[in-house]
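Asker: Let's see this in three dimensions:
(one chain, ligands or ions: 1)
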Amino acid sequence: MDFDLTAEQRRRVRHIRDAAGRLPRPEPGEPAGRDIWQAAGECGITGLCLPEEHGGGGCGALDTALGLEAFCAGGADTGFAFAIAAHLLACGTALAEHAHEPVRADLLHGLSSGRTIAANAMTEDEAGSDVGRLATTALPDGDSYVINGVKSFVSNGPLADVLVTYAVTAPAAGFLGLSAFAVPAGSPGLRIGPPLAKAGLDGCAAARVEFTECRVPRGYLMGAEGQGSAVFQASMTWERACLPAIYLGTMEAQLHRCVTHARERRQFGRRIGDFQAVSHRLATMKQRLESSRLLLYRACWQLDQGSADAGAAAALAKVAVAESAVANGVDALQVFGAKGYLAGEGVGDRLRDVVPMHIFSGTTDIQREIIAKGMGL
Ligand SMILES: Cc1cc2nc3c(=O)[nH]c(=O)nc-3n(C[C@H](O)[C@H](O)[C@H](O)COP(=O)(O)OP(=O)(O)OC[C@H]3O[C@@H](n4cnc5c(N)ncnc54)[C@H](O)[C@@H]3O)c2cc1C
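Answerer: Prediction:
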């Protein structure tokens, strides 16, 4: 077992980390605009795991995770990093693997450079964790499919150029009657709603999306008809394995700030870091970060090896990072005292960006179900 990064991995991590520090940040409370997406694209982050022949980085899961972690450790806005990760992992991996030519070739260069933005449209009002309950249909009609339905929480929706959309093509076949489509945002009958007012992750805009008699050519089908659940599961394994890496990066930056503060802040004539209550809190924060990082790297490595256990390993990693990130967020607030609770300090307000990790890409309860199934339960 080798825990060292290769020279190439170290070079890429350093490059992304340095570039993240120079990137313009979204205005407070606002999503990142196209200019920021394109600036991020220039450092390679928007195409990390997309094919090299289409301008991507050609990275596997572990290198993708290292890149996303470095992006946030270098200071990138968490909401913007989440937006990029959703574009890349829930959408880019699926489009690269399953979109048919020429749709695939048309999209991949833009996705890699950040000029084309992708969104994933699965969740509906009555189908959250239970994606077997989708009501959106895509019924064949001549050379097209006609899509009808409403998607309730589409990250990147307001900016998206293409929506990886899941819809029922064979209503009697249940989850196996699901198909995936690469739907261009300008398609007639597609309406993207105004940005949702969310409690956090401001750097990423989300919207409801309505399909009304939305006609798309058959060539926009991804994979074969009825293969939508397989396309979705594969993209979710990528997302669960790699996306939490952005929180490893934010936890690392946060821990560094906390340690610096504990060294500088004095009370009762001593540095607060000299009080065991504070130093042990920081030690626990470090232990949570390092242990969840190991689980995440291992899940990514298993995905790269093509292991059948990668899905359960990704679930384990996602739960560990989510729990560590929330607990570290609360501890960081404690270390900073009242100052940490001030808006704009980047301590208390960070919690708003961390808590939804227990919900998106499959809730923590659903991840525990996957872990339990992996144990034969
Ligand atoms: C920030 C953010 C970004 C998102 N981005 C996207 C996106 O880009 N595209 C998209 O399609 N969706 C997106 N979603 C939606 C997300 O995928 C769903 O919120 C998630 O799947 C849970 O569905 P739900 O919110 O309807 O909760 P529900 O499924 O209603 O769950 C409510 C509660 O019940 C629990 N529960 C439900 N079923 C079970 C079970 N079988 N066993 C145990 N507990 C259970 C859940 O764990 C949860 O605690 C996003 C959500 C968030 C918060």
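
Asker: Correct me if wrong, but residue 140 is in a strand.
Answerer: Yes. Counting by DSSP: H, G, I helix; E, B strand; the rest coil, residue 140 is located in a strand.

Asker: Contact partners for it?
Answerer: Remark: with contacts taken as C-beta atoms under 8 Å, 6 or more residues apart in numbering, residue 140 is in contact with 169, 218. To be clear about C-beta, it is placed using only N, CA and C from the backbone, and glycine gets the same treatment.

Asker: Is it bridged to anything, and to what?
Answerer: residue 145 (DSSP bridges).

Asker: ok, now how distant is it from residue 164?
Answerer: According to C-beta to C-beta, to the nearest Å, residue 140 and residue 164 sit 19 Å apart.

Asker: which bits of the protein sit near the ligand?
Answerer: If contact is defined as C-beta under 6 Å from any ligand atom, the residues of the chain in contact with the ligand are 86, 120-123, 128-129, 153-155, 201, 356, 359-360, 362-363, 365-366, 369.

Asker: is it true that residue 66 touches residue 5?
Answerer: Yes. Between residue 66 and residue 5 there is a contact under C-beta atoms under 8 Å: 7.3 Å.

Asker: Between the two, which is the more surrounded one?
Answerer: Here residue 66 and residue 5 are set side by side on neighbour count (other C-beta atoms under 10 Å), and the busier one is residue 66, at 24 against 14.

Asker: three-state assignment of that one?
Answerer: Strictly by three-state DSSP, residue 66 counts as helix.

Asker: tell me the contacts of it?
Answerer: The neighbourhood of residue 66, defined by C-beta under 8 Å, 6+ apart, consists of 5, 9, 12-13, 245.

Asker: that older thread, list the ones among the residues of the chain next to the ligand that fall in helices.
Answerer: Assignment to helices by DSSP state H places the following of those there: 365-366, 369.

Asker: Out of the residues you listed, grab the one that's most surrounded.
Answerer: Using other C-beta under 10 Å as the contact criterion, the top neighbour count among these goes to residue 366, which has 17 neighbours.

Asker: send the alpha carbons of whichever strand or helix holds residue 373 over as CSV?
Answerer: Element membership of residue 373, judged by DSSP states H and E, is helix 364-374. Output in CSV follows, covering the C-alpha atoms of helix 364-374 (Å, rounded to 0.1, in the frame of the first residue of the first chain):
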residue,chain,number,x,y,z
THR,A,364,-27.2,9.7,4.6
ASP,A,365,-30.0,7.3,5.5
ILE,A,366,-30.0,6.0,1.9
GLN,A,367,-26.2,5.6,2.0
ARG,A,368,-26.5,3.6,5.2
GLU,A,369,-29.0,1.4,3.4
ILE,A,370,-26.4,0.8,0.6
ILE,A,371,-23.7,0.1,3.2
ALA,A,372,-26.0,-2.4,5.1
LYS,A,373,-26.9,-4.2,1.8
GLY,A,374,-23.1,-4.4,1.1
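
Asker: quick one: buried residues of that helix?
Answerer: 364, 366-367, 370-371 (16 or more other C-beta atoms under 10 Å).

Asker: counting contacts, what elements does the single longest helix found in the chain pack onto?
Answerer: Criterion DSSP H: the longest helix present in the chain is helix 276-305. In terms of contact count using 3 or more C-beta pairs under 8 Å, 6 or more residues apart in numbering; DSSP states H and E, helix 276-305 is assigned the packing partners helix 61-73, helix 228-242, helix 245-264, helix 310-336.
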